[in-house]
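In: Structure for this input, please:
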Amino acid sequence: MYYTFADTPVGTLLFINDGKVITGIHWKVSKHRPKVAKGWIENRTIFKEALGQFDEYFAGKRRIFTFAYIFRGTEFQKSAWKELEKLPYGAYSSYQGIANAIGKPFVYTAVREWDSSKEVEGTRAGHTGDFGAWESSDDKDLRTR
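Out: As a prediction, the model looks like this:
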């Protein structure tokens, strides 16, 4: 596994790569982030494309990310992730709205818990290439920015 840390305007991120593709981006301060394990290799070069795209995003020059990424999770997590990806830049939703959209209206707290511990914590990057840091004004509202 390869890793690097990157300072951004919203905090320090940990990037993880399996040697082929990015498999995780986590807030450094998160209790859910994986710990850098013995044998992992720090290598900024392998993350050059993604780091450059993040720099462009924070400079206001990018809204769509195109770097390769693999999302891993349960079917429930993947369905919630797919719904989150549908939110356009600047859009609002709620955990209840996401739960309703995936056909599981009674699991909005599970959506909230998963959202706080997902692979790309605090971000969204996936098949559409969209990215946005999530803001939450309380336990129910989500906003992409």
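In: Tell me which residues touch Ala50, please.
Out: Phe15, Ile22, Ile25, Phe65, Phe67 (CB atoms under 8 Å, 6 or more residues apart in numbering). (C-beta placed from N, C-alpha, C; glycine too.)
In: Check the spacing between the nearest residue to the second one once chain neighbours are set aside and Thr4 real quick.
Out: When you say that, I think you mean Ile22. Spatially, and ignoring its direct neighbours in sequence, Ile22 is nearest to Tyr69 (4.7 Å; CB to CB, 6 or more residues apart in numbering). Distance, Tyr69 to Thr4, using CB to CB, to the nearest Å: 15 Å.
In: now swap in His32 and tell me
Out: Taking CB to CB as the measure, His32 falls 19 Å from Thr4.
In: ok, now Ile98?
Out: 31 Å.
In: Compare these two and say which is more crowded by neighbours.
Out: Ile98 (25 against 20; other CB atoms under 10 Å).
In: Distance-wise, check that one relative to Val29.
Out: Distance, Ile98 to Val29, using CB to CB: 24 Å.
In: Walk me through the domains of this protein.
Out: Per automatic domain parsing, the structural domains of the chain span 2-58, 75-144.
In: other SSEs contacting whichever strand or helix holds Gly97?
Out: In this structure, Gly97 sits in helix 95-101 according to DSSP states H and E. Counting by 3 or more CB pairs under 8 Å, 6 or more residues apart in numbering; DSSP states H and E, the packing neighbours recorded for helix 95-101 are helix 75-86, helix 108-115.
In: Select from the ones you listed the stretch with the lowest mean pLDDT.
Out: Looking at the helices and strands packed on helix 95-101, the lowest mean pLDDT belongs to helix 108-115 (a mean of 60).
In: Distance from the chain centre to the helix or strand hosting Ser93, please.
Out: Here Ser93, judged by DSSP H and E, is contained in strand 92-94. Its chain's average C-alpha position is 16 Å from that of strand 92-94, according to CA atoms, centre = their mean, to the nearest Å.
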